[in-house]
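Student: Have a look at this prediction, sequence included:
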Amino acid sequence: MNARYQDLAPRPRPIMALVLAGLVSSPALAGPPFVTDDPDPVELGHGEINIAPIGTVGGNGAAGFSPFVDANYGAAEGVQLHAAFGIAFSESDGTVSAGYGDTELGTKLRFFNFEEDGARTEISTYPMVELPTGDAARGLGAGHLQALLPLWIEHDWGDWTSYGGVRFEYNRHGEDRNSWLVGWVLLRKVTDDLQLGGELYYQTATVFRSPDTTAFNLGGTWDLSETGHILFSAGRGIAHANETDRFSFYLGYQITW
């Protein structure tokens, strides 16, 4: 499965700390549609494509992608290759812009996988880079290279899945600043085709003089078939919500093979 909101969203000026999620997941577990990712890579020789509108409304406007495309492939046992891109949009103080956004590339590397008595624990790292392919002057990209280095852990037992961890973002340029994200997700299989749950996460400020973000999302996965899946989530900030995250959403269709 795979990755999740990775600050792919544009940051409109004046300064506005918008927190979005780049998603991707397997049909069984999660990843997308949440900001917090999971450590479970796509199986060897298999792949998945997630197509979704995503967005966040903050104090001075809104930003996101429509559509956002997230593709993942199992290149080796425990190794997943990842690429994400899309049409970014930005609205700030009545000005609306749209165009190709920044491009994300990464590799998920699982280095611990243990199963016993029907339970399973996995640990992975997922280094990624954000290429400045979007037009930063129009609020459609960061305008400089960014790097993400997370550590994710997951435990599955019965109908329950719990995962989370910490992520460092190197984003040192102008008013942008390095940041940390800590998040956790809890999901339960409600039926054979439906998994529901939520996440809570905290992220330090990504822009100088902007506040930190504490937020939650509720969502899940609905399996339509063996190859088609609906991923969905919605949430908002808990602290500094008016400035950072009044409302966030993700609604995607996942194709797996």
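Tutor: Great, that's in hand. Residues are numbered from 1 along each chain as shown.
Student: When you work out contacts or count neighbours from here on, use the C-alpha atoms and nothing else.
Tutor: OK.
Student: who touches the nearest residue to residue 197 once chain neighbours are set aside in this structure?
Tutor: Distance criterion Cα to Cα, 6 or more residues apart in numbering; nearest residue to residue 197, sequence neighbours excluded, is residue 187 at 4.1 Å. Residues in contact with residue 187 (Cα atoms under 8 Å, 6 or more residues apart in numbering) are 160, 161, 162, 195, 196, 197, 198, 220.
Student: Confirm for me that the fifth one is in contact with residue 219.
Tutor: Translated: residue 196. Yes: the criterion here is Cα atoms under 8 Å, and residue 196 meets it with residue 219 at 5.8 Å.
Student: higher neighbour count, these two?
Tutor: Set residue 196 next to residue 219 and count neighbours by other Cα atoms under 10 Å: residue 219 wins out with 23 against 19.
Student: Just give me the neighbour total for residue 36.
Tutor: By other Cα under 10 Å, neighbour count at residue 36 equals 32.
Student: Quick check: it touching residue 164?
Tutor: Yes: look at residue 36 against residue 164 with Cα under 8 Å: they come within range, at 6.1 Å.
Student: Can you check which residues contact both of the two?
Tutor: With Cα under 8 Å, 6+ apart as the test, residue 36 and residue 164 both reach 182, 183, 184, 185.
Student: which element is the last one on?
Tutor: Here residue 185 is covered by strand 179-189, with elements defined by DSSP states H and E.
Student: Pairing partners for whatever helix or strand comes next after that strand, with directions?
Tutor: Counting by DSSP H and E, the next helix or strand C-terminal to strand 179-189 is strand 194-203. Counting by DSSP bridges, the strands paired with strand 194-203 are strand 179-189 (antiparallel), strand 213-223 (antiparallel).
Student: Chain neighbours aside, what residue packs nearest to residue 151?
Tutor: residue 125 is the one closest to residue 151 (Cα to Cα, 6+ apart), at 4.7 Å.
Student: The one you found contacts residue 149, doesn't it?
Tutor: Yes: counting by Cα under 8 Å, residue 149 is a contact partner of residue 125 at 7.2 Å.
Student: Between the two, tell me which one has more neighbours.
Tutor: residue 125 (20 against 16).
Student: can you map out the helices along this protein?
Tutor: Here the chain has its helices, by DSSP state H, at 241-244.
Student: Run through it and note the low-pLDDT ranges.
Tutor: The model of the chain has pLDDT under 70 over residues 1-31.
Student: Relative to its centre, which residue of it is most distant?
Tutor: residue 117 (30.9 Å; Cα atoms, centre = their mean).
Student: how close does it get to residue 161?
Tutor: 15 Å (Cα to Cα, to the nearest Å).
Student: now do residue 135
Tutor: Relative to residue 161, and taking Cα to Cα, residue 135 is found at 39 Å.
Student: could the strands paired with strand 194-203 go into TSV alongside distance to residue 154?
Tutor: Converted to TSV, the strands paired with strand 194-203 look like this (distance: least, Cα to Cα, whole Å):
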stretch	distance to residue 154
strand 179-189	9
strand 213-223	16
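Student: Out of those strands, which is the most enclosed?
Tutor: Counting by mean count of other Cα atoms under 10 Å, strand 213-223 has the highest mean neighbour count of the strands paired with strand 194-203, with a mean of 23.
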